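# dropping the sequence and predicted coords here.
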Amino acid sequence: MSADDLPATEIEAAAELKRLAAEIARHDRAYHQLAAPEISDAEYDALVRRNAAIEARFPALVRADSPSRRVGGAVAEGFAKVRHRLPMLSLDNAFDAADVEEFAARIRRFLGLDAAETIPMVAEPKIDGLSISLRYEGGTFVQGATRGDGAEGEDVTANLRTLADLPPTLVDAPAVLEVRGEVYMTKADFLALNRRQEAAGDKPFANPRNAAAGSLRQLDSRVTATRPLSLFAYALGEVSAPVADSHRHLLRRLEGWGFKVNPLARPVASVEEALAVWQDIGENRARLPYDIDGVVYKVDRFDWQGRLGFKDRSPRWAIAHKFPAEQARTRLKAIEIQVGRTGALTPVAHLEPVNVGGVVVSRATLHNEDEVGRKDVRVGDTVVVQRAGDVIPQIVAVVAEKRPPDSVPFVFPDTCPVCGSHAARPEGEVIRRCTGGLTCPAQAMERLRHFVGRVAFDIEGVGEKNVVFLWEKGYVHGPADLFRLEDEDRSRLQKLANFEGWGKRSTDKLFAAIRARARIGLERFVYALGIRQVGEATARRLARHYGSLSALDAAMAAAADRESEAWAELTSIEDIGPVVAGDIVDFFAEAHNRTAVADLVAAMAALGGGVEDAAAPTASTSPVAGKAVVFTGTLTAMTRQEAKARAESLGAKVVGSVSKKTDYVVVGADAGSKAAEAARLGVTVLSEAEWLALTG
Ligand code: IVH
């Protein structure tokens, strides 16, 4: 900006500073509070710079409400985070009657019920909305939160207060009561809202679920108040005293407190009855005033629910029986080969956009090379696309009659479309992989995406688009670079700010989000490394088993020798067999992975962060927390599976084989070689009764 552009007189300058202060304040509000910016970051920055330039020329005119006086870079952070006292879980899915039978059979096995014993359940619609947790203290609604990642959600209390279906006070409720349920929008309300949106020139929502989510996550609750949101209550979170002894009883209590409970919930005494309810609700689905995507079956008795407990992210006592997917036909325009984090080549179909059950679909997965061959999917074909719940749309079949006469079979490439390296497909595997490793930009970029993802480092503001941007501009080539992005002289910031869409506010927000994640738990850290076959559950087991990054690192180095005790220990961890163990050990054995991990830890430490040791799941007051336990033989008070689950919930590590590191071997009737091995190694052997006495 040249000096000539600046106002010449004090009167002009004062007038412009006044105008700028008001304008910038208005944009701040639009951006931070309404989440609806009217101008680009670059335009915003230009206003701030002009304000600063005028102030530099006329220092005496700096206003009390000048934008330059407001705390530099202070960013309204959107919603506050809420840590759920009890995690908000998801549900396992059943897709057919056999899955439901298996669900019931699993419960029987777990509880040790015999085949004749019935499992009373409640069947109720699975509402397609978003789950929320409502906290009441002393009978007053004090806090409401979204599910978030299940452990931590967003505080949307003010917005929830605008819902007519939410009772602000409860009569005769325990001191602490968390009610969980689903916020949704009816089909009619959704259509009316979209008509209003369009009339106002705003973007319409894709479906009622998105509309509900968008409305609940408004930073200004006055906006939420204009949105027609509804609520069904269906479960409990933390409670200071029991409120019911069964699910059906709970539903009645919820109703008594003034919550809406789904009117289609029905008690069922058997799998057959459950399936009949599913059939019935499914047939009437289109006539319901709101979207549902299945029927949830819940074990009715709370004492049984308590014994069944949870695995990973879902309860053992409930399952969602999904409705068949919705389908539509459309034309396949192209097949793109994408390269994933582990180099896997995945064919993706680009489609003529088509509405599938209320959602516009323009891409679908074709899974792998064999799948394309088996279905003989060709560019130009008319295909049947299906969508099931949250699953990525899939191509089910080709409509043969509609195939153009000149179509040719699709030839799957044997080179990586991104880096040109050979793409190999080992004997017996279905996946073809690029052999370029970290030199392949696609793989490096996908690893970064995985790294910043929600279950991993969860760096807010570094989404898909930004990872590509930061990578392509050369700012970030690996995870550690993220933590060095904000270097001391902030020169990178200036560089970044030269790009469209990256103003000071965006970069400040980004840096704050990165700094906030420089300290992270071992579970997330291990998951974020993107080791093949190490998903969330395996990462958690590794973290809890080894406790710290240094212990894990040392153990993996030792386990490289497959004859070692370290290898035996690794493969004794629940669900880690030799194949997965091999992938984990290989990861840590590779030099560039070791360097990358060390580099990452150093970059995090430079920001004052680090990797936090994994805590045992429950307080260390449990006498078995951190102990390695082996169960063997037939138990009488509970099944072996239930015993293991209980031990894990007390913080014990349940392992499969006895070694010198085992703390206890619990022997039931007819215990075999493991009991003998324990005696040989001098490991403490407990009877079932002794174990029960120890764990209370
Ligand atoms: S029970 C511990 N009941 O489905 C399980 N969930 O896929 C608590 N949902 O996150 C959930 N209708 O958002 C339950 N009648 C219902 C439901 C329901 C919809 C949602 C809920 C949950 C998701 C799991």
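Done, it's in.
# for whatever helix or strand A512 lives in, packing partners?
Per DSSP states H and E: A512 is located in helix 504-516. If you count contacts as 3 or more C-beta pairs under 8 Å, 6 or more residues apart in numbering; DSSP states H and E, helix 504-516 packs onto helix 41-57, helix 491-497. (Each C-beta comes from the backbone N, C-alpha and C, glycine too.)
# can we see that at 6 Å?
Counting contacts by 3 or more C-beta pairs under 6 Å, 6 or more residues apart in numbering; DSSP states H and E, helix 504-516 is packed against helix 41-57.
# tell me the mean pLDDT for the helix holding A512?
For helix 504-516, the mean pLDDT works out to 82.
# and it, what's buried?
Residues of helix 504-516 classed as buried by neighbour count (16 or more other C-beta atoms under 10 Å): 504-514, 516.
# how far does stretch 571-585 sit from the chain's center?
Offset of stretch 571-585 from its chain centre (C-alpha atoms, centre = their mean, to the nearest Å): 24 Å.
# got it, and stretch 303-318?
Stretch 303-318 has its C-alpha centroid displaced from the chain centroid by 20 Å (C-alpha atoms, centre = their mean).
# show me what that stretch is in contact with.
Defining contact as C-beta atoms under 6 Å, 6 or more residues apart in numbering, one finds that stretch 303-318 is touched by 89-92, 296, 298-299, 537, 645.
# kindly state the pLDDT recorded for the one residue in the stretch 51-200 of the chain that gets nearest to the ligand?
The nearest approach of the stretch 51-200 of the chain to the ligand comes at S131, 3.0 Å away (C-beta to the nearest ligand atom). Predicted confidence (pLDDT) for S131: 95.
# show me the contacts for it.
S131 neighbours (C-beta under 6 Å, 6+ apart): 147, 182.
# if I look at it, how far off is L351?
31 Å (C-beta to C-beta, to the nearest Å).
# tell me how many other residues crowd Y297.
Applying other C-beta atoms under 10 Å, we find 28 residues neighbouring Y297.
# for the chain, which residues are neighbours of the ligand?
With C-beta under 6 Å from any ligand atom as the criterion, the chain meets the ligand at residues 89-91, 124, 126-127, 131, 147, 182, 234-235, 296, 315, 318, 320.
# between the residues you listed, which sits nearest A46?
Relative to A46, the closest of those is R147; by C-beta to C-beta it sits at 39.3 Å.
# which residues are in contact with that closest one?
Applying C-beta under 6 Å, 6+ apart, the residues contacting R147 are 88, 131, 153.
# please tell me how far the nearest residue to the first one once chain neighbours are set aside sits from G129.
Right, M88. Spatial nearest neighbour of M88, excluding adjacent residues (C-beta to C-beta, 6 or more residues apart in numbering): R147 at 4.5 Å. Distance, R147 to G129, using C-beta to C-beta: 11 Å.
# also G461?
Taken as C-beta to C-beta, the span from G461 to G129 is 26 Å.
# who has more neighbours out of the two?
G129 (24 against 14).
# contacts only, for the more buried one.
182-184, 212.
# same question for E283.
Shown in contact with E283 (C-beta under 6 Å, 6+ apart): no residues.
# please apply the same query to A104.
119, 271.
# run the last query once more with 10 Å
Neighbour list for A104: 113, 118-119, 121, 270-271, 274, 297, 299, 319 [criterion: C-beta atoms under 10 Å, 6 or more residues apart in numbering].
# assign a three-state SS to it, would you?
What DSSP: H, G, I helix; E, B strand; the rest coil gives for A104 is helix.
# low-confidence ranges in this protein?
1-4, 31-35, 37, 69-77, 357-358, 388-391, 464, 488-501, 615-621 (pLDDT under 70).
# separation between the residue nearest to S421 when sequence neighbours are not counted and F525?
The spatially closest residue to S421, leaving aside those adjacent along the chain, is G436, at 3.6 Å (C-beta to C-beta, 6+ apart). Separation of G436 from F525 (C-beta to C-beta): 26 Å.
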